[in-house]
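Trainee: 3D model of this:
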Amino acid sequence: MAEATIAVTAALPRRKSAEGAGAAPWLLASPALLLFIGVLLVPLLLTALLSFHAFDGTRGVLPDYTWLNYLEVFSDGYYHEIFLRTGGLALGVTLMCVVLGVPETLILARMRSPWRALFLIVILGPLLISVVVRTLGWAILFGNDGLINSTLVATGIVSEPMRLLFTMTGVAIALTHVLIPFMVISVWANLQKLDPQVENAGLSLGAPPLKVFWRVMLPQLLPGILSGCIIVFALSASAFATPALLGGRKLKVVATAAYDEFLNTLNWPLGATIAMLLLLANVLIILGANRWVERRFSQVFDA
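Mentor: Below is the predicted model of the structure:
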């Protein structure tokens with residue numbers, strides 16, 4: 001009887017320590033979790049709730065609930081054009097970041113110190129500058145008398161200045177400039193996990209460098225490319241400052257349309273509706289693309 005009592009007494013501290021160890025991660029994560037709920041989830045829920053409120057031009061936001069805001073967006077061709085323009089812009093910027101960012105990362109990985117660190121700082125440079133200052137700098141470059149047009153005219157490539165300001169081309173170039181570091185960082189992190197001897201093995205077997213890259217390196221870089229595409233697409237689809245300053249009033253995207261509804265027409269429910277639909281479209285497109293790529297290249301992602 002005494003031995004059983006001693007065994008039970010000895011087991012109690014172990015049980016309590018196990019319970020404490022199980023609760024420790026939650027206690028440690030609770031400050032960040034509370035911050036996440038307060039800063040992100042609560043505003044999103046309030047925005048979603050606001051999108052169902054009715055609106056009157058003279059009385060403002062009404063306490064009544066309605067689906068008319070969503071019906072207006074889905075039935076109006078004006079908003080269809082804005083969402084399609086935003087999706088095309090985000091897709092184009094993502095493709096340009098892949099085409100430029102992946103080779104840039106491979107070149108960076110083959111550099112030696114101190115050149116690697118120096119060029120990495122150059123690549124990350126756009127993130128160190130204010131978005132407004134950076135966009136205004138692109139506006140100066142894109143002007144008719146800017147550096148780009150002056151160089152093109154002086155070299156005889158074009159006979160008259162190209163229209164880059166207030167166009168989708170100018171907005172896409174500026175967004176690619178600032179978002180390409182996210183692609184480089186994502187591919188770089190994935191590249192550090194690869195064995196460099198795999199590429200050398202392909203070359204030693206007589207395969208040309210381009211084929212080695214296409215058949216050996218690129219499939220192994222897909223997880224990093226997919227991560228970079230998700231980040232770039234989400235940020236470019238929701239970008240506001242660059243499209244607003246370089247695109248002007250006529251070239252609207254979803255973010256600028258929501259801004260106008262909130263601050264110009266003061267139709268907060270419609271602005272909240274546009275914002276929620278942008279969020280929903282982003283989530284669906286990203287999850288769908290992620291699922292398709294993982295199924296298509298399951299051998300790479302399961303490795």
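Trainee: how about low-confidence regions in the chain?
Mentor: 1-22, 297, 299-303 (pLDDT under 70).
Trainee: how about a cut-off of 90?
Mentor: The chain contains residues with pLDDT under 90 at 1-44, 55-66, 102-137, 139-167, 188-227, 241, 247-251, 263-266, 285-303.
Trainee: packing partners for the helix or strand hosting residue 150?
Mentor: Counting by DSSP states H and E, the element that carries residue 150 is helix 147-154. In this structure, helix 147-154 packs against helix 131-142, with contacts taken as 3 or more C-beta pairs under 8 Å, 6 or more residues apart in numbering; DSSP states H and E. Every residue, glycine included, has its C-beta placed from N, CA and C.
Trainee: report all helices and strands that the helix it packs on contacts.
Mentor: helix 147-154, helix 168-191, helix 241-247.
Trainee: how would you label residue 206: helix, strand or coil?
Mentor: coil (DSSP: H, G, I helix; E, B strand; the rest coil).
Trainee: quick one, what contacts residue 253?
Mentor: Contact partners of residue 253, counting by C-beta atoms under 8 Å, 6 or more residues apart in numbering, are 82, 85, 86, 89, 239, 243, 247.
Trainee: which strand of the protein spans the most residues?
Mentor: strand 60-65 (DSSP state E).
Trainee: just checking: what are the partner strands of it?
Mentor: strand 53-56 (antiparallel) (DSSP bridges).
Trainee: ok so, going back, now do the helix or strand just after the longest strand of the chain: distance to the chain's middle.
Mentor: Next helix or strand after strand 60-65 toward the C-terminus (DSSP H and E): helix 68-75. In terms of C-alpha atoms, centre = their mean, to the nearest Å, the centre of helix 68-75 is set 27 Å apart from its chain centre.
Trainee: give me the distance from the helix holding residue 150 to the chain's centre.
Mentor: 32 Å.
Trainee: which positions in it come out as buried?
Mentor: 148, 149, 153 (16 or more other C-beta atoms under 10 Å).
Trainee: what's the closest of the residues you listed to residue 292?
Mentor: residue 148 (37.2 Å; C-beta to C-beta).
Trainee: roughly how far apart are that closest one and residue 139?
Mentor: Applying C-beta to C-beta, to the nearest Å, the value for residue 148 to residue 139 is 11 Å.
Trainee: mind checking the helices and strands packed on helix 131-142 for the one nearest to residue 77?
Mentor: Across the helices and strands packed on helix 131-142, closest to residue 77 is helix 168-191 (C-beta to C-beta), at 18.6 Å.
Trainee: buried set for the closest one?
Mentor: In helix 168-191, counting by 16+ other C-beta under 10 Å, buried: 168, 170-188, 190-191.
Trainee: check stretch 206-214 too.
Mentor: Buried, per 16+ other C-beta under 10 Å, within stretch 206-214: 207, 212, 213.
Trainee: how about TSV for those residues, with distance to residue 291 added?
Mentor: Output for the buried residues of stretch 206-214, formatted as TSV (distance: C-beta to C-beta, whole Å):
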residue	distance to residue 291
207	32
212	29
213	26
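Trainee: who's in contact with the strand or helix carrying residue 225?
Mentor: Per DSSP H and E, residue 225 falls inside helix 218-237. Residues outside helix 218-237 that contact it (C-beta under 8 Å, 6+ apart) are 86-87, 89-91, 93-94, 97-98, 101-102, 175, 179-180, 182-191, 194, 198, 254, 278, 281-282, 285-286, 289-290, 293, 297, 299-301.
Trainee: could you rerun that using 7 Å?
Mentor: Helix 218-237 is touched from outside by 86, 89-90, 93-94, 97-98, 101-102, 175, 179, 182-183, 186-187, 189-191, 194, 278, 282, 286, 290, 293, 297, 300-301, with contacts defined as C-beta atoms under 7 Å, 6 or more residues apart in numbering.
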